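S.K.: sequence and predicted model, in that order:
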Amino acid sequence: MKKLWLVIAVLFLLPSAYLVAQEWSAAQKEVWKNVEAYNAAADAGNVEGFMAYVHDDYLGWNIGSALPDNKAAVRKFVEYAFKTSKTLVSSIKPVGIGIFGNVAYAHYYYSVIYKDAEGKEKSESGRWTDILMKQGDKWVMIGDHGGRTSKD
């Protein structure tokens, strides 16, 4: 009987521990709002909206790429991707957000269902880390790293 009560107690404590872990400060919420904004622009196929969140000196590394990409390369690939595929539904979930003055990182998990160039429905999920810098009233990407962990 003691084991049963212990299991019940642990089950009640787990959700509260999860909720506490998801409490973000106002500053962290501000960073996340910007991450959501440029992801929404990407989902909508809005090249300029997305690129407005990429710093001129950006350098990021997709896990599937041999070398990091600069802003010009990102634009080229974003323009191509937005012309040849369409996001149907997506989700991003923050895992960790750290802020150090005017620099921040946001670790998150993403999943997306999209139509490819042939009109086939595909899905993908993975992990991503964005490195951001406060520029004026928004947080812009100065770097990122990540990629898919699963794809159909």
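M.R.: Sure, I can see it.

S.K.: can you list the low-confidence ranges for this structure?
M.R.: For the chain, the stretches flagged by pLDDT under 70 are 1-22.

S.K.: please enumerate the helices of it.
M.R.: Remark: helices assigned in the chain by DSSP state H are 2-21, 26-43, 47-51, 71-84.

S.K.: buried residues of the third one, list them for me.
M.R.: Meaning helix 47-51. Val47, Phe50, Met51 (16 or more other C-beta atoms under 10 Å). Any C-beta I mention is one placed from the backbone N, CA and C, and that applies to glycine too.

S.K.: relative to Phe82, which of those is nearest.
M.R.: Val47 (5.8 Å; C-beta to C-beta).

S.K.: quick one: the closest one from Lys33, how far?
M.R.: Per C-beta to C-beta, to the nearest Å, Val47 is found 21 Å from Lys33.

S.K.: thinking His145 is in contact with Arg127, fair?
M.R.: No: between His145 and Arg127 there is no contact under C-beta atoms under 8 Å: 9.2 Å.
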